[in-house]
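**Student:** What would the 3D arrangement of this be:
(one chain, ligands or ions: 2)
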Amino acid sequence: MTQADLKKFHIKSFGCQMNVYDGERMAELLADQGMSAAENGDDADLVVLNTCHIREKAVDKVYSDIGRLRRKDGTSPMIAVAGCVAQAEGKEISRRAPSVDIVVGPQAYHRLPELMEVAKSGKKALDTDMPAASKFDVLPTRGKQARPNAFLTVQEGCDKFCTYCVVPYTRGAEISRPWSDLSKEAHALVDGGAREITLLGQNVNAWYGEDEKGQRQGLEGLIRALDKISGLQRIRYMTSHPNDMTEGLIAAHGEVPKLMPFLHLPVQSGSDRILKAMNRSHSAASYLDILEKMRAVRPDIALSGDFIVGFPGESDQDFEETLQIVREANYSQAFSFKYSPRPGTPAAAMEEQIAPQVMDERLQRLQALLNEQQYAFNQNTVGRKTDILLERQGKLEGQLIGKTPWLQSVHIISPDLTIGDMVEIDITQAGPNSLTGQIKERLAA
Ligand code: 5AD
Ligand code: SF4
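**Tutor:** Numbers count the residues shown, from 1 in each chain. Ligands and ions are numbered 1, 2, ... in the order given. Sure thing, here's the model as predicted:
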């Protein structure tokens with residue numbers, strides 16, 4: 001095979017939004033090499049599986065996907081495993097799945113073209129280094145955006161070492177990208193058609209940097225600077241850790257017009273005993289205290305969170321405390337998971353692992369409560385007038401799907417509007433997962 005033989009690529013990203021961002025950057029890199037995107041794996045000469053290692057199920061999915069890439073005629077495309085499974089399992093992947101040609105970690109994917117060269121010569125290519133020089137310095141600059149809602153990774157890695165979590169091992173130590181790089185990338189995204197930017201990081205609110213005057217800034221400083229970019233209409237950020245939720249960032253929610261009233265702030269558990277065993281270094285009370293301060297400056301803030309049920313040693317009483325904090329915090333949406341022991345993490349070696357059926361039952365009860373709160377939140381917005389950013393096509397003829405400031409999906413029918421438009425609507429109906437709206441007026445871009 002020669003380089004020219006690899007014409008089409010397909011990238012499938014699993015897991016978090018940081019993987020979606022990395023997948024987009026890989027797509028831009030491959031396009032820069034003269035390749036084009038294929039609709040699906042069947043038409044592709046190169047398939048990149050951009051993987052997630054956070055729970056065991058996510059890992060199993062990668063291996064079943066690799067198996068499915070074999071075609072009826074017995075051939076398969078060149079296969080690259082990227083992302084956190086690549087980082088964590090390295091060479092082991094090609095041993096378990098010999099059809100994998102390339103294994104590339106989240107800090108090394110800018111080297112994909114070179115690794116493809118190695119793979120073309122029939123050798124296995126592996127790069128799971130965490131190099132000192134940043135991949136961001138060599139990736140192509142951001143161009144035209146396929147979506148009006150863009151992601152921008154501002155911070156990577158994590159130093160928190162929650163005892164259940166693989167992220168500090170797969171994504172490495174916390175690193176903040178420099179202010180000037182982020183400012184340039186944000187401008188390029190807006191020039192490329194982005195109307196909303198979501199700042200991403202495993203611990204996004206731990207971001208810090210020096211502005212062009214050499215002054216130290218936290219995330220709120222960056223948000224205030226982005227607020228000044230004309231053409232940009234919305235700013236979001238995720239995921240935040242309670243311990244890095246500064247007064248300045250909270251205040252920004254009451255003052256920065258483009259900062260959306262939405263906060264993804266995982267608490268994981270409502271029991272202080274479990275939070276301690278998780279090494280979360282916050283308590284249920286300190287978490288609620290943050291929410292109180294946030295709601296004082298932004299009463300309509302929509303709250304999202306992550307929960308783990310069945311962490312080792314979690315008693316019925318601990319779980320009741322999780323339900324209790326959910327009742328007090330009141331979520332507009334949330335993600336909840338059964339604890340999954342991850343190799344190499346302290347919690348995997350803890351005694352008193354919880355039986356699967358106990359986890360199932362707890363997860364069901366927690367999700368029932370969270371679903372109830374989400375539905376109530378949605379219903380409370382019926383009758384409200386709000387603006388939505390149209391992000392994608394719906395299934396019906398002339399249907400578009402947009403997002404409210406509170407990150408709810410809204411379905412509208414309008415043949416005259418297109419993706420990227422901002423429109424003012426009346427929210428007319430609410431379901432458990434989405435809303436229906438009627439257009440009031442189109443807003444200037
Ligand atoms: N088991 C279950 N859920 C986990 N998460 C992280 N690690 C694990 C694990 N070992 C969840 C946390 C985190 C989210 C991204 O995934 O809730 O906030
Ligand atoms: Fe994992 Fe905890 Fe870091 Fe979040 S804060 S990425 S849960 S170690």
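**Student:** Give the buried residues for stretch 380-398.
**Tutor:** Across stretch 380-398, burial judged by 16 or more other CB atoms under 10 Å covers 381, 386-391, 394. Placement of C-beta: from N, CA and C, glycine included.
**Student:** Report the secondary structure state of whichever residue of the chain sits closest to ligand 1.
**Tutor:** Using CB to the nearest ligand atom, residue 306 is the residue of the chain that sits closest to ligand 1, at 3.3 Å. When classified by DSSP: H, G, I helix; E, B strand; the rest coil, residue 306 comes out as strand.
**Student:** I'd say it and residue 269 touch.
**Tutor:** No: using CB atoms under 8 Å, residue 306 is not in contact with residue 269, being 10.3 Å away.
**Student:** on that earlier part again, quickly name whichever of the buried residues of stretch 380-398 is closest to residue 178.
**Tutor:** residue 389 (28.3 Å; CB to CB).
**Student:** would that closest one count as being in a strand?
**Tutor:** Yes: with three-state DSSP as the criterion, residue 389 is assigned to a strand.
**Student:** contacting residues around it?
**Tutor:** Contact analysis of residue 389 by CB atoms under 8 Å, 6 or more residues apart in numbering lists 148-149, 195-196, 233-234, 402-403, 420-422.
**Student:** cool, and residue 76?
**Tutor:** Contacts of residue 76 by CB under 8 Å, 6+ apart are 69-70, 99.
**Student:** Residue 40: neighbour count?
**Tutor:** 9 (other CB atoms under 10 Å).
**Student:** Apart from its chain neighbours, what residue comes closest to it?
**Tutor:** Nearest non-adjacent residue to residue 40, counting by CB to CB, 6 or more residues apart in numbering: residue 10, 6.1 Å away.
**Student:** sorry, back to before: name the nearest residue to the residue of the chain closest to ligand 1, ignoring sequence neighbours.
**Tutor:** residue 266 is the one closest to residue 306 (CB to CB, 6+ apart), at 3.6 Å.
**Student:** Now that neighbour: which helix or strand?
**Tutor:** Secondary structure assigned from DSSP states H and E places residue 266 in neither a helix nor a strand.
**Student:** Quickly note the distance from it to ligand 2.
**Tutor:** 7 Å (CB to the nearest ligand atom, to the nearest Å).
**Student:** quick one on the thing from earlier: please flag which of the contacts of residue 389 sit within strands.
**Tutor:** Counting by DSSP state E, the part of those found in strands is 149, 196, 234, 402-403, 422.
**Student:** For those residues, which single residue is the most surrounded?
**Tutor:** That'd be residue 402 among the ones in strands among the contacts of residue 389, by other CB under 10 Å, with 27 neighbours.
**Student:** Bridge partners for the residue nearest to that one when sequence neighbours are not counted, pull those for me.
**Tutor:** If the residues on either side of it in the chain are set aside, residue 402 comes closest to residue 388, at 3.4 Å by CB to CB, 6+ apart. For residue 388, the beta-bridge partners under DSSP bridges are residue 423.
**Student:** wait, doesn't residue 388 sit right on residue 423?
**Tutor:** Yes: Residue 388 lies in contact with residue 423 (CB under 8 Å); the separation is 6.0 Å.
**Student:** For the stretch 101-250 of the chain, which segments count as helices?
**Tutor:** 112-120, 167-170, 179-191, 219-226, 247-255 (DSSP state H, counting those that start in this stretch).
**Student:** Tell me which of the ones you listed lies nearest to residue 284.
**Tutor:** helix 247-255 (18.5 Å).
**Student:** buried ones in the closest one?
**Tutor:** Neighbour counts using 16+ other CB under 10 Å place 249-250, 252-253 of helix 247-255 among the buried residues.
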